[in-house]
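Asker: from the sequence below, what's the structure:
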Amino acid sequence: MHIVCLDLEGVLVPEIWIAFSEESGIPELKRTTRDEPDYEKLMNYRIKILKEHGLGLKEIQDTIRKIEPLEGAKEFLDELRKLGQVIIISDTFTQFAMPLMEKLGYPTLMCNELVVSESGEVTGFKMRCEKSKLTTVKALQSIGYETIASGDSFNDLAMIQAGKAGFLFRTTEQIKKDYPDIPAFETYSELLEAIKGVI
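Answerer: Numbers count the residues shown, from 1 in each chain. Purely as a prediction, here's the structure:
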């Protein structure tokens, strides 16, 4: 039995923090897991910048409501779900993801939680588990699934490498260069065909 595990941002929807960086005019918030492999360090950096600018959850959610899935993403997901089970494993937060899940037809999502004060200030974050993407695929494997994974960033590499098959999707030239053994695709049709070839 197979289960396909997909990253969310950069694969199905635009990067939320990049969209918010553009909306807020704060270039420092453009940093993502493509740039910084240490997720905890990245999130603490983001929270510090939000505090400095007096921005909270509401402002980020206002931006997220305007974000649409990447062109062809919902159709790709619909086709993939005809082949079998699909799960989205993301380092984003439930407070960010739900409006986007509605636009994608409510696929199964595993992600994290922000800690937000009564005033709406983002004060911290709770990771679902340590090394959440790798831990999740290992758990799925332990209950009899063969995993096929795809993502675009440093934090996707462990789940991509741990499964029966794994693919990079619209990743950076540096990651492609550093991991030449992982097939890399730019279009949903290429990725769909690659996954079909494994199932």
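Asker: now the helices for this protein?
Answerer: Under the criterion DSSP state H, the chain contains helices at 16-24, 39-53, 57-64, 73-83, 94-103, 132-142, 157-162, 173-178, 188-196.
Asker: so of the ones you listed, which one's packed in deepest?
Answerer: For the helices of the chain, the largest average neighbour count (mean count of other Cβ atoms under 10 Å) is found in helix 157-162, namely a mean of 21. (Each C-beta comes from the backbone N, C-alpha and C, glycine too.)
Asker: now for that helix, which elements pack on it?
Answerer: Helix 157-162 sits against helix 132-142, strand 146-151, strand 165-169, with contacts defined as 3 or more Cβ pairs under 8 Å, 6 or more residues apart in numbering; DSSP states H and E.
Asker: want to throw these into JSON lines with distance to V115 and mean pLDDT?
Answerer: JSON lines is the format used below for those (distance: least, Cβ to Cβ, whole Å; pLDDT from 0 to 100):
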{"stretch": "helix 132-142", "distance to V115": "16", "mean pLDDT": "96"}
{"stretch": "strand 146-151", "distance to V115": "25", "mean pLDDT": "98"}
{"stretch": "strand 165-169", "distance to V115": "30", "mean pLDDT": "98"}
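Asker: okay if I get these as TSV plus distance to E190?
Answerer: Formatted as TSV, those follow (distance: least, Cβ to Cβ, whole Å):
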stretch	distance to E190
helix 132-142	22
strand 146-151	11
strand 165-169	9
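Asker: nearest to K48, of the ones you listed?
Answerer: Across those, K48 has its closest neighbour in helix 132-142 (22.2 Å, Cβ to Cβ).
Asker: show me the contacts for the nearest residue to S21 once chain neighbours are set aside.
Answerer: Closest residue to S21 apart from its sequence neighbours, by Cβ to Cβ, 6 or more residues apart in numbering: L29 at 3.7 Å. Shown in contact with L29 (Cβ atoms under 8 Å, 6 or more residues apart in numbering): W17, I18, F20, S21, R46, I49.
Asker: touching, K138 and A162? I think so.
Answerer: Yes - the criterion here is Cβ atoms under 8 Å, and K138 meets it with A162 at 6.6 Å.
Asker: look up how far V13 lies from the nearest residue to Q95 once chain neighbours are set aside.
Answerer: Of all residues not flanking Q95 in the chain, L114 sits nearest, at 5.0 Å (Cβ to Cβ, 6+ apart). L114 sits at a distance of 17 Å from V13 (criterion: Cβ to Cβ, to the nearest Å).
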